[in-house]
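K.L.:
compute the structure for the input listed below.
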Amino acid sequence: MTRFFFHVHNGISIFDDVGLELPDIATAQAAAIELSSKILNEGAEGPLWQDLNWRVEVTDSPRIGGQIFVVVNFSVTQRKAPN
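P.N.:
Numbers count the residues shown, from 1 in each chain. Got it, this is the predicted structure:
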């Protein structure tokens, strides 16, 4: 099993210093998507709802400089409504 770390970035970085031992990258990707879902389910009171552009990076290191395996990006762009 490999230990994967799930870091959240949105102008500031929240580093995962514990990680999860998972069998493969596909399972780590599923975990990153599940983490993103939890962040979204926090609702408007959640800290990442203030800036609607953030990402989850799955790496092999608890800090910057590790190999990045998966990136889940979240971005909301408002457009002018049609007349």
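
K.L.:
so which residue is dead centre in the chain?
P.N.:
Against the mean C-alpha coordinate of the chain, by CA atoms, centre = their mean, the closest residue is residue 56 at 1.7 Å.

K.L.:
which residues does it bridge with?
P.N.:
With DSSP bridges as the criterion, residue 56 is bridged to residue 8, residue 72.

K.L.:
OK, contacts around it?
P.N.:
Contacts here follow CB atoms under 8 Å, 6 or more residues apart in numbering; on that basis residue 56 touches 6, 7, 8, 32, 35, 36, 39, 70, 71, 72. (Glycine included, C-beta is placed from N, CA and C.)

K.L.:
any of these buried? List them.
P.N.:
Taking 16 or more other CB atoms under 10 Å as the criterion, what is buried in the contacts of residue 56 is 6, 7, 8, 32, 35, 36, 39, 70, 72.

K.L.:
closest one to residue 63 out of these, please.
P.N.:
residue 7 (8.7 Å; CB to CB).

K.L.:
read off the pLDDT value for residue 46.
P.N.:
Looking at residue 46, its pLDDT reads 65.

K.L.:
now swap in the one 3 residues further on and tell me
P.N.:
At residue 49 the predicted local confidence, pLDDT, stands at 63.

K.L.:
which stretches in the protein count as helices?
P.N.:
25-41 (DSSP state H).

K.L.:
name the helices or strands packed onto the worst-scoring helix or strand of the chain on mean pLDDT?
P.N.:
Each helix and strand of the chain was given a mean pLDDT (mean pLDDT, DSSP states H and E); the minimum falls on strand 13-14 at a mean of 88. Contacts defined by 3 or more CB pairs under 8 Å, 6 or more residues apart in numbering; DSSP states H and E place strand 13-14 against strand 2-9.
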